[in-house]
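Chemist: okay, structure incoming, though there's no sequence with it:
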């Protein structure tokens, strides 16, 4: 009787192992046929208003330009803001450029992430010296969730 119980127990264990192996999902079951329906790339729109020019509190700089920005993603694909460049122009030519990176964006706004379909509002500050400048170009560089490296621009007039 004991040998029959051992044989039955061994057979039950073997059956369980065989059944477990039989239930293993195939690659098709694991979702390898799922189609990514996200947009091909993010679309970021940048707007600014009420640009301010004051004296810079930082040594070595004459002016501080503050730019309240609204950054909106409209295609439905998120992105990370990698950097921003502010370029000053006088008489149609570039006279000074400042850039801030992702860490600076995080320090100013709490995050460099722009989620799909979202809007972010924050104020940027650039310390500059070119007093003869009459306009500027704010360029945002970002990488969307598909790995596309893109940029968005906004012209600022003083």
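Modeler: Done, it's in. Being a predicted model, the structure only gives us computed values, none of them experimental.
Chemist: dump the residue contacts of the closest residue to residue 158 other than its chain neighbours.
Modeler: Closest residue in space to residue 158, ignoring its immediate chain neighbours: residue 134 at 5.8 Å, by C-beta to C-beta, 6 or more residues apart in numbering. (C-beta placed from N, C-alpha, C; glycine too.) Contact analysis of residue 134 by C-beta atoms under 8 Å, 6 or more residues apart in numbering lists 89, 90, 91, 157, 158.
Chemist: could you find the closest non-adjacent residue to the fourth one?
Modeler: Closest residue to residue 157 in three dimensions, ignoring its sequence neighbours and counting by C-beta to C-beta, 6+ apart: residue 135, at 4.9 Å.
Chemist: list the buried residues in the helix or strand hosting residue 104.
Modeler: Element membership for residue 104 (DSSP states H and E) is helix 102-109. For helix 102-109, the neighbour count (16 or more other C-beta atoms under 10 Å) marks 102, 105, 108, 109 as buried.
Chemist: which other helices and strands contact the helix or strand following that helix?
Modeler: Using DSSP H and E, the helix or strand that follows helix 102-109 towards the C-terminus is strand 113-114. On a contact count with 3 or more C-beta pairs under 8 Å, 6 or more residues apart in numbering; DSSP states H and E, strand 113-114 meets strand 79-90.
Chemist: quick check: mean pLDDT of the strand it packs on?
Modeler: For strand 79-90, mean pLDDT is 97.
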